[in-house]
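S.K.: coordinates for the following, if possible.
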Amino acid sequence: MPEFPYLPQTNKDVEEMLEVVGVKSVSELFKDIPDKFDVDISIPESKDEFSVLRDLKELSEKNITLDDLSVFRGAGVYKHFVPSVVQAIASRGEFLTAYTPYQAEVSQGTLQMLFEFQTMICELTGMEVANSSMYDGASAAAEAALMAVRVRGGQKVLVSGSLHPEYIDTIKTYCFGSDISVETVAFDSETGQVDFADLEKKLTEDTSGFVLGYPNFFGIIENISEVRTRIGEKTMLIVCADPIALGILEAPGKLGADVVVGEGQSLGNSPSFGGPGLGFFASKESYIRKMPGRIIGETKDSDGRTGYVMVLQTREQHIRRSKATSNICSNHAFNALIASIYMSMIGSDGIREIAKRSFDKAHYLAERIGRTDRVRLVFTGPFFNEFVAQFDCNLKEFNERLLEDKILGPLELERFNEEMKGYGLICTTEANLNEEIEFFAGRLEEIS
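M.R.: You can find the predicted model right below:
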């Protein structure tokens, strides 16, 4: 019987390894660790369960969660209402162990879920094929940039300056190792949309793709059709879309996009500190063999019964590294499950209603802000549920005051661009109650 029954090595194996290392026992490997530490870790005396639960509750109440706050901040992570049924279904035991479905015959549930996820992403984006999710929106955008180079053969990618700054950084990081040049295209200071003059100036024969947001980082809705016309057919158009916004905006696939990616956190995944989120990735079918990740397909078995399999898995752990499209060794499949349940429960009408309410609340708040003297809207372009306002006050101090009223205020854009001192990105969703909006608007009016 081995000394450590949970390891496959026999005692003889262990003895041989110890001899090579030069020690006589496993315990000797850890002899440098002292038996006692001269450290006061102040462990309290033991208590009964009732007292411990009470103490833990008191500690937990020192935390602030988004459930305790009125949230007027988005920038890629959004507080939406998530029906209780989503977590109830996602918490079932057969889903909690979901991982890479290597054996199709015993993974039909996971495979079907991922197939449904792909189908719904295609319906949202207007694209022909989608993979079975990625890490997050930023890495999906970066993988799309690499894919554009694989398809078009150039060594240059353009990104809109109004794309989320963290997405731009991620794209540059991914492209650096492949010697792919990444250039930023300016945005119009009046509309907040792509500066077409700068775009056309930076387009060259070596440009593989152009990446922009829909809506962009400032909440502004880009003119996708016009962008498609300006860049021509030789350059791939990559659109980073908000899936909720697609409830009322025209699908990018119908406007000429070659690839549509984005962050799927808002599809039933509650915002958390640092994640997790999930990325979605969809494209035209002609590019399917250049796509990263895994693609699930529907088939028939020998008895004619419907079954699901991984039809493409272009990861380097599956095929030769020289042929692999990415090294995505895992992804956020459980978050994709949550998104699938959410979209199934909400339906297309539900997503449209959520988008409409988010839109209406943001435009009402923007109209209220327009009445004040010391807060003004920055961009004139059409927006969805986020907009930029310039504050004639110390925005950081103002946010601290708002937090005292349990309001998570505008995102300070100075964090990303020093020239945007006093600029705040304001967001609303359907989860913002009307009285919260009125209270927040009142606080803004007090500034003036």
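S.K.: how far does the host helix or strand of residue 282 sit from its chain's centre?
M.R.: The secondary structure element spanning residue 282 is strand 279-283 (assigned by DSSP states H and E). Relative to the mean C-alpha coordinate of its chain, strand 279-283 is positioned 11 Å out (CA atoms, centre = their mean, to the nearest Å).
S.K.: partners of the helix or strand just after that strand in the sheet?
M.R.: Proceeding N to C from strand 279-283, the next assigned helix or strand is strand 294-300, under DSSP H and E. Each strand paired with strand 294-300, and its direction, by DSSP bridges: strand 306-313 (antiparallel).
S.K.: buried residues of the strand it pairs with, list them for me.
M.R.: Within strand 306-313, the residues that qualify as buried by neighbour count (16 or more other CB atoms under 10 Å) are 307, 308, 309, 310, 312, 313. For glycine as for every other residue, the C-beta is placed from the backbone atoms N, C-alpha and C.
S.K.: and for stretch 437-446?
M.R.: Buried residues in stretch 437-446, counting neighbours by 16+ other CB under 10 Å, are found at 437, 440, 441, 444.
S.K.: the first one: which element?
M.R.: To tie it back to what came earlier, the one meant is residue 437. Assigned by DSSP H and E, residue 437 belongs to helix 434-447.
S.K.: show the secondary-structure elements that that helix is packed against.
M.R.: Counting contacts by 3 or more CB pairs under 8 Å, 6 or more residues apart in numbering; DSSP states H and E, helix 434-447 packs against strand 70-71, helix 333-369, helix 395-404, strand 407-408.
S.K.: again, only using 10 Å
M.R.: With contacts defined as 3 or more CB pairs under 10 Å, 6 or more residues apart in numbering; DSSP states H and E, the packing partners of helix 434-447 are strand 70-71, helix 333-369, strand 375-377, strand 386-391, helix 395-404, strand 407-408.
S.K.: and that helix, average pLDDT?
M.R.: Here the mean pLDDT over helix 434-447 is 90, rounded to a whole number.
S.K.: that older thread, need the buried residues of stretch 437-446 in JSON lines with distance to residue 30, can you?
M.R.: Listed next are the buried residues of stretch 437-446 as JSON lines, based on distance: CB to CB, whole Å:
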{"residue": "437", "distance to residue 30": "60"}
{"residue": "440", "distance to residue 30": "57"}
{"residue": "441", "distance to residue 30": "62"}
{"residue": "444", "distance to residue 30": "61"}
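S.K.: farthest-separated two in these?
M.R.: Checking these against each other with CB to CB, the farthest-apart pair comes out as 437 and 444, at 10.5 Å.
S.K.: what touches both of the two?
M.R.: In terms of CB atoms under 10 Å, 6 or more residues apart in numbering, residue 437 and residue 444 are both contacted by the residues 72, 365, 368.
S.K.: most neighbours of all those, which one?
M.R.: Among those, the one with the most neighbours (other CB atoms under 10 Å) is residue 72, at 27 neighbours.
S.K.: how near is that residue to residue 372?
M.R.: Note on residue 72: its distance to residue 372, by CB to CB, to the nearest Å, is 15 Å.
S.K.: for residue 436, same thing?
M.R.: Counting by CB to CB, the separation of residue 436 from residue 372 is 18 Å.
S.K.: can you give me the helices in this protein?
M.R.: Using DSSP state H, the helices of the chain run over residues 11-21, 26-29, 49-60, 84-90, 93-96, 108-125, 137-152, 165-176, 196-202, 224-231, 333-369, 395-404, 434-447.
S.K.: buried ones in the first one?
M.R.: Within helix 11-21, the residues that qualify as buried by neighbour count (16+ other CB under 10 Å) are residue 14.
S.K.: which secondary structure elements does that helix sit against?
M.R.: Using 3+ CB pairs under 10 Å, 6+ apart as the contact criterion, the elements in contact with helix 11-21 are helix 26-29.
S.K.: got a pLDDT number for residue 36?
M.R.: Here, the pLDDT recorded for residue 36 equals 74.
S.K.: right, I'll leave it there.
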